[in-house]
Each structure stands twice: as structure tokens, then as C-alpha cells.
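Peer 1: sequence and predicted structure, then a few things I'm wondering about:
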Amino acid sequence: MDGDVVEQRIVEQGARITTYGAVTAWASLRWRGATYFNGIGYEGERLPVPLVLHDGIRPDPRFTQTEAQLAPTEWEVVDGLRVTTVQRALFDEVVRIRSVREAAVAISMAAAALLISVRLFRMYVAQRKAWTGVPRARLAVGLARDDCRSPQEHRMVMIWALDAGFGRPLCNVEVYDLDGRLIGVPDLFDPVAGLVGEYQGEDHKGGAQHREDVDREERFRDHGLEYFELVGGDIANRYVAVQRMRNARGRAKFLPPESRAWTLDTPPWRTRPETVDEYLVRTGRADRLWRT
């Protein structure tokens, strides 16, 4: 079958489970619709499908096998395939990833897919005190966020906080003018300095999208906000990214609230955006995640 289709790879390897076990880690999250988990590694290689499986089967480079404990409450059948629960799958993915920062990205992208929140995953990790990988999971969950929408965006935020040393910024907040008109929703926002940070990926190079990006930058600057932009190569070169952030923050106005031409207050006619936790509670998923 077509090995370029990640779901096909997952279902083929999941078919090896004949008695007790489940597909786990990135493959379980992908099967549930989390598009970030595409089965491709850092070097562009296809990742083997992770299985929790106690059967002795012939090794194959297309899957990895762990015989870790799997409680009956930690797996279920989703669209015909045995997969670990969201929180167990995410924990196994954090253990699989060696980098704390990249593990934090994985947690944030599971939240972006509305599968779990950082708060709920932190609660799950707290219950797994003796498990292999718990120290890394604790560090990663401390860096994870519910409000980042892409991996590169979250990597930019971590450079801002950890490498530039500017603390925890706001992400994807709605910024309004004083008449309640939306100015924009920046990837990164420092309200003290009055600074907007944006990550521009490949999809922003097209004509229409690029024009919108230019218009948005102009709107921010017209309201007294400083602005910086990073692209893919900047994320890989942290020194360059940090220098751009520091230079932009050095130009920022640091205006007091009474002198600002912008606000974070939601106008009365606008419904405040729902948080991940609020969505999970409203849909009943939070209670299910916590029970398992």
C-alpha cells in the first residue's frame, strides 16, 4: 500500500496486535486527528510506528515495540484500531523524544488539536511518579502551552523565554483599538513593551497571504506597537533570533496603559475565545481524560 499515507502505515502496523496491546505515542495522536504528528522525523525520515505489545513478534524497522505496562483503562478502539488513550499516547511520545523543548512542542500540539490541555496532562504526569521518563515530562510540561498554533510558533516562544530571557509572553491574544476594532492576533505579544512577534512559514510567501501580513504589520505599527518577524532559518539559529528579539524590544515604547492606542479588553459585543480547558469541559472530554 501507499507508504506515503501516514494513516496507512499506522493501520498496517496496528494489525500486528492480535491479543493485547495498542498503537501509541505520535501514531495514536495522529489517528485521533492531530495533524502535527505526521510520522516524519527531524531529518525527514519515516518514523516507525510505536506499539505497546507484549507478544513476541519478529522485529521489523517499520515499528517499535515496548512491553511497558498497559492498564485496561489506557487503551480503546478508535475507528477500528486499538490505540492508547490521549494522555498515555502523549506521555509515550514525550518519552520517545529526547529533547525537552521538542517534547514541550508535542504537548502543545496535542493541545492545539484539542485532544488534551497542558493542565490535564500535568495532572496525568503527577500520577506517574515511578515511570521512566517522568522527569523529562515534568520539565516539558512546564514549557508547554495551550495557546500556540504551530510547532515553529512555540519554538519561537521558547527562544523568547529561555534564550532571550524575556519571560513568558502572551500568545494569540486578540489586540483591539480603543474603539473595539480588532487590530490583529499576534503569535507572540509582550504587553509591557508593546511588542508583536510573528513567525512566517512557507505558506506566508504567497501573494494574498503576504499582502495580509504586510497590512497586519502596518496596523500594529499604526497603534504604537513594535514588530519583529522570524522565518524558519531564524528558529534554527537561536543567536539570530535572540538578536532580532532584543533589537525589537529595544525599540519598543513601553507605554503606560493610559497612553496606549490598543487594548486587550474584549469589547462587549465580542465573545471571548474559548480556552482549551473550557472546550474540554464543555464537550465532556475533560472528565473522561481525568477518569482514565
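Peer 2: Now that the structure is in, tell me what you want to look at. Residues are numbered from 1 along each chain as shown.
Peer 1: can you show me the strands along the stretch 1-150 of the chain?
Peer 2: 21-23, 49-53, 63-66, 75-78, 81-84 (DSSP state E, counting those that start in this stretch).
Peer 1: list the contacts of the helix or strand encompassing V157.
Peer 2: Take DSSP states H and E as the rule and V157 turns out to sit in helix 151-158. With contact meaning C-beta atoms under 8 Å, 6 or more residues apart in numbering, helix 151-158 is reached by 36, 101, 104-105, 108-109, 143, 145, 148, 169, 171, 187-188, 197, 199, 201, 230, 232, 235, 241. Just so you know, the C-beta spots here come from the backbone N, C-alpha and C atoms, and that holds for glycine as well.
Peer 1: could you point out the helix or strand that follows that helix?
Peer 2: Downstream of helix 151-158 (by DSSP H and E), the next one is strand 175-177.
Peer 1: report the strands that pair with that following strand, each with its relative direction.
Peer 2: The strands that strand 175-177 pairs with in its sheet are strand 182-184 (antiparallel), strand 262-263 (antiparallel) (by DSSP bridges).
Peer 1: can you give the contact residues for that strand?
Peer 2: Residues contacting strand 175-177 (C-beta under 8 Å, 6+ apart): 182-186, 189, 196, 220, 223, 225, 261-267.
Peer 1: helix, strand, or coil at the nearest residue to R221 once chain neighbours are set aside?
Peer 2: Of all residues not flanking R221 in the chain, Y227 sits nearest, at 6.0 Å (C-beta to C-beta, 6 or more residues apart in numbering). At Y227, secondary structure determined by DSSP: H, G, I helix; E, B strand; the rest coil is strand.
Peer 1: what about Y227, neighbour count?
Peer 2: 17 (other C-beta atoms under 10 Å).
Peer 1: repeat that for G180.
Peer 2: The burial count for G180: 13, using other C-beta under 10 Å.
Peer 1: ok, it - contacts?
Peer 2: G180 touches 267, 269-270, counting by C-beta under 8 Å, 6+ apart.
Peer 1: swap the cut-off to 6 Å and go again
Peer 2: P267 (C-beta atoms under 6 Å, 6 or more residues apart in numbering).
Peer 1: element containing it?
Peer 2: Assigned by DSSP H and E, G180 falls outside every helix and strand.
Peer 1: quick check: phi and psi at it.
Peer 2: Backbone dihedrals for G180, given as degrees, to the nearest 10, come out at phi 90, psi 10.
Peer 1: ok, R16 next?
Peer 2: phi -70, psi -20.
Peer 1: run through the stretch 1-150 of the chain and note the low-pLDDT ranges.
Peer 2: 1-3 (pLDDT under 70).
Peer 1: 90 - rerun?
Peer 2: Flagging of the stretch 1-150 of the chain using pLDDT under 90 yields the residue ranges 1-4, 18-19, 42-44, 54-60, 67-68, 98, 128-132.
Peer 1: great, nothing more from me.
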